[in-house]
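fold the following for me, if possible:
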Amino acid sequence: MKSRKKKIISVQIIIFLVASLLLYKTYHRENKYVEEAQEVVVANDPNTNSFNDIQYSGFDLTGNRYVLDASNATFKTKTPERINMKGVVANFYLKDNTILTVISDEGLYNNLTLDMEFKQNVKSTYETNTLFSDELIYFSDNGKLIISGNVRGESIKKGKFFADNVEYNLTNKTLDFSMFNDGQVNIKLKN
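Residues are numbered from 1 along each chain as shown. You can find the predicted model right below:
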């Protein structure tokens, strides 16, 4: 009987030591992580919140679904609805089962109006069409894109164009081209 009690006590002591070791290692690692996170927060402006690898998704006001990814997002505590982003990729899943993809170095997302601005090295792709520009603004309430600044487009089926400003209506699928000065829109159509 005594040997059985000794075995049970020995097993309980071993289990207790293993559990204690696991708890120590778990909390010891967690404390290191918290210390590193605190260093990052202290380095930032106290009026600004910052996040890495963020994703926003939902439906715009015209019923199209969107997913907006950014490698970094910041917002001021006074204006939390205006989110500044870096390394932006947006996918718009349109009602006609097509996808519009917009990629840019920087962006701005308004989580109240659902409007989006894309800036610097903007590339937008829709079916066989690609647009490059300095800026692209998406208006959620009417499903319009305003593309401006060194706009150049390439279409596998239709050719190339150059313009200062392009307005694209997602609902009607129409493009309106314009120039800021007296210059002409340059369009090269394929036969």
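
from the centroid of this structure, which residue is nearest?
In the chain, the centroid-proximal residue (Cα atoms, centre = their mean) is D69; its distance is 2.0 Å.

helices or strands next to the host helix or strand of that residue in the packing?
Assigned by DSSP states H and E, D69 belongs to strand 65-76. Under the contact criterion of 3 or more Cβ pairs under 8 Å, 6 or more residues apart in numbering; DSSP states H and E, strand 65-76 touches strand 48-59, strand 79-93, strand 99-110. (Each C-beta comes from the backbone N, C-alpha and C, glycine too.)

as JSON lines, those with distance to I9 and mean neighbour count would be great.
Listed next are the helices and strands packed on strand 65-76 as JSON lines, based on distance: least, Cβ to Cβ, whole Å; neighbours: other Cβ atoms under 10 Å:
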{"stretch": "strand 48-59", "distance to I9": "50", "mean neighbour count": "13"}
{"stretch": "strand 79-93", "distance to I9": "58", "mean neighbour count": "18"}
{"stretch": "strand 99-110", "distance to I9": "62", "mean neighbour count": "19"}
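
for the residue nearest to L114 when sequence neighbours are not counted, give me its contacts.
Excluding the flanking residues, the one nearest L114 by Cβ to Cβ, 6 or more residues apart in numbering is S140, at 3.7 Å. The contact partners of S140, taken as Cβ atoms under 8 Å, 6 or more residues apart in numbering, are 60-62, 113-116.

mind doing that once more with 10 Å?
58-62, 64, 66, 110, 113-116 (Cβ atoms under 10 Å, 6 or more residues apart in numbering).

for it, give me the pLDDT.
The model reports S140 with a pLDDT of 86.

domain boundaries for this structure, per the record?
Under the assignment automatic domain parsing, the domains of the chain span 1-43, 48-189.

and those, which one is worst for confidence?
domain 1-43 (a mean of 66).

thinking again about what came up before, so which of the domains of the chain is the most packed in?
domain 48-189 (a mean of 16; mean count of other Cβ atoms under 10 Å).

now I83: how far from S71?
As judged by Cβ to Cβ, to the nearest Å, I83 and S71 stand 13 Å apart.

got any residues that touch both of those two?
Counting by Cβ under 10 Å, 6+ apart, the residues touching both I83 and S71 are 51, 54.

tell me which element the residue nearest to L136 when sequence neighbours are not counted is part of?
Closest residue to L136 apart from its sequence neighbours, by Cβ to Cβ, 6+ apart: F118 at 4.4 Å. Assigned by DSSP H and E, F118 belongs to strand 116-126.

the helix or strand hosting D164: partners in the sheet, and parallel or antiparallel?
Taking DSSP H and E as the definition, D164 sits inside strand 159-169. For strand 159-169, the paired strands and their directions (DSSP bridges) are strand 144-155 (antiparallel), strand 174-178 (antiparallel), strand 186-189 (antiparallel).
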